[in-house]
Structures are given as C-alpha cells and as structure tokens.
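Colleague: Quick one: sequence plus predicted model below, questions after.
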Amino acid sequence: MNEITVLAMSGSLRRASHSTALLRAAQRNAPPGLSIDLYTGLADLPPYNQDHDGDHAPEPVVDLRAAIAAADGLLIASPEYNHSVPGVLKNALDWASRPNPGSCLEDKPIAVMGASPGNFGTARGQSALRQVLGATRSHVLVYPELLVFGSNRRFDEAGNLTDATTLALLDDLAVPGRDQQPPAPGEFLLRHRNRASHALF
C-alpha cells in the first residue's frame, strides 16, 4: 500500500506554541501507512504581493506550493488571534491560493484544529479559517472537530501532549480506528470529494 502523506502547518511562529505541539503529537502518534511532515517555512514567506508572484515567485513560496501539491492532505493547527487566525497563516494561504483557478489548495483535503489556553479552544479562529478555505475550493473536514481549550493544562513543560482525552480526540481526527488500515490515496481523496463522513487522515 502506498503511504499517505500529510503536510502539517502551524499558524504560530512561537517556539513553545501549543498548536505546533499538537501537530508534533499527531506526528508521533500517526498510524502505520501515514506520514506527517511538519512545514517549517512559515516565517520565511514575504507578505503577499502580486507584483512578485507568477514565474518569479520567491523561493520560499515555490517551496510551500510544491510541498502542499505533493501531499495527499493538509493538517492545519492554529491559535486564535482577535477572533481569527494569525496573519502569518493567512499570508501563507494567500500565497498558496494562487494561481486561481488551479492552485495547490484546490480540491485538497484539509483538516483543521487548534489549541488555546482560553475556554473556546480556537472555535472562532477555526470558523474564520474554514471560511478562507472555502474560498480556495479545498475539501475541509467538517467532523470530528478538535478544539483544545485550557491547553496550558494539557501539555508538559517540554511541549508533550499529556492529556488522555485530547490524545483520543487527536486519534479520531487522524484515522477512523487504530485497528483499521488507512485508505489508499485514491479512496482517501474520493471520500472527501464526496463529503463522506470519515476521518480525514
């Protein structure tokens, strides 16, 4: 069976980000047949400028688009800033959404999640992110949702996810069941074109 590849993108630049730590937990707990690679180039992306796009796009942008295009799916974890997502994440999605039509985000299966020390668990940020991804014609997983509230109580000082409930929810998001084999890439993509109610990865 061909391995399913997922590109994981954090919306935070902070070294001790709980959203980044959530992605690392998903990476560590990925089942056989599923590879999760963490994107680390967010800080290298310049602000979007159409004058600098096209055939001579900046190298970090070319690398981002290639990484998204090569992956079978995208997993985004983001904090919530001012009822929305951080500007650096929105900027990355703006770059990735071009050219339009035909961007690397078009028809791409995407799951979103987030962690916050507050009580809403990035609910408003995820809502804003889903609106953006609707405009890019991506296939965004509707359910299950993963909104980690009180995140300062769910990670240890080293950034390891220690909360059993969150780990179980992360597993539900990652694969329908630990005893099931991940779907083949063709089936994986077809499920989400048809909006089937399966876990994304």
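Modeller: Done, it's in. The shown structure was predicted, so the numbers you read here are calculated from the model rather than taken from an experiment. Residues are numbered from 1 along each chain as shown.
Colleague: Helices along the protein, start to end?
Modeller: 18-28, 59-70, 87-96, 123-135, 164-174, 185-193 (DSSP state H).
Colleague: which regions of this protein sit below the pLDDT cut-off?
Modeller: 1, 150, 172-201 (pLDDT under 70).
Colleague: How many neighbouring residues does the closest residue to residue 147 other than its chain neighbours have?
Modeller: Spatial nearest neighbour of residue 147, excluding adjacent residues (CB to CB, 6 or more residues apart in numbering): residue 121 at 3.2 Å. In short, each C-beta sits where N, CA and C put it, glycine included. Other residues near residue 121 number 21, with proximity taken as other CB atoms under 10 Å.
Colleague: for the one 4 residues further on, same thing?
Modeller: Burial of residue 125, expressed as a neighbour count using other CB under 10 Å, amounts to 26.
Colleague: and residue 51, how far is that from residue 60?
Modeller: Going from residue 51 to residue 60 by CB to CB, to the nearest Å gives 16 Å.
Colleague: Between those two, point out the one with more neighbours.
Modeller: Counted by other CB under 10 Å, residue 51 and residue 60 do not tie: residue 60 has more neighbours, with 16 against 6.
Colleague: So residue 116 is in contact with residue 78, correct?
Modeller: No. Applying CB atoms under 8 Å as the test, residue 116 and residue 78 come out as separate, 9.7 Å apart.
Colleague: Can you pull the residues that touch both of the two?
Modeller: Here residue 116 and residue 78 have 122, 125 as joint contacts, going by CB atoms under 8 Å, 6 or more residues apart in numbering.
Colleague: Same drill for these two, tell me which one is more crowded.
Modeller: residue 78 (29 against 22).
Colleague: which residue packs closest to the more buried one, ignoring adjacent ones?
Modeller: residue 11 (2.9 Å).
Colleague: And the one you found, how far from residue 3?
Modeller: Taking CB to CB, one finds residue 11 at 26 Å from residue 3.
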